[in-house]
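Trainee: return atomic coordinates for the entry below.
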Amino acid sequence: METILELEIPASPEYIAIARLVVSSIASSRRNLPDDRIDDLKLAVSEACTNAIEAYGPTVDEDGSDGRVRILVQDDDEKLEVDVADNGPGFDPDDLPTHPPVTDPERLNFERGLGIPLIRTLVDDVQFVSTPGGTSVRMTVYGEPLELHPPEEFGPDETLTEG
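Mentor: So this is what the prediction gives:
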């Protein structure tokens, strides 16, 4: 698996847009994915970054300077992986409360806690690794790599003409 990008941003919400933009640019330039799949990945990255920022809690400076969120993008022939990690206190993803189905009116009573279930529906695979020293969310999107073609070269008897 080839590492395409390692990005570290301050743990502050205004930097989430940078992570989204960079990841979506890489995904669209390296994968043969429809636009809606790219949008799903952008939203999943936003949710993972938001959770990473919130993991630092009130101990992080307002500008996020004493907390960092790391984004690692890796690529191979079958998939694109995006790993979002923090150094917060960690959590147990299996202890999250179960939310009612989207069609249940009780769902409207849940204003928070929807990020992880949303990530799970937006990407093809997700893994959470959480320890007291931080959490890593690895999101995987499967799809064919884009075939990058070198510029066409002209043969000896071919010329470029203006037309």
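Trainee: roughly how far does Phe128 sit from Pro101?
Mentor: 22 Å (Cβ to Cβ, to the nearest Å). (Glycine included, C-beta is placed from N, CA and C.)
Trainee: so which of those two has more stuff around it?
Mentor: Taking neighbours as other Cβ atoms under 10 Å, Phe128 and Pro101 compare with Phe128 leading, 19 against 7.
Trainee: element containing the more buried one?
Mentor: Applying DSSP states H and E as the criterion places Phe128 in strand 125-131.
Trainee: buried set for that strand?
Mentor: Residues 126, 128, 130 are the ones in strand 125-131 that count as buried (16 or more other Cβ atoms under 10 Å).
Trainee: likewise stretch 73-86?
Mentor: Buried, per 16+ other Cβ under 10 Å, within stretch 73-86: 73-75, 79-86.
Trainee: give me the pLDDT value at the residue nearest to the spatial centre of the chain.
Mentor: When Cα atoms, centre = their mean is applied to the chain, the residue found nearest the centroid is Val45 (3.0 Å). Note on Val45: pLDDT of 98.
Trainee: what do you get for Phe128?
Mentor: 94.
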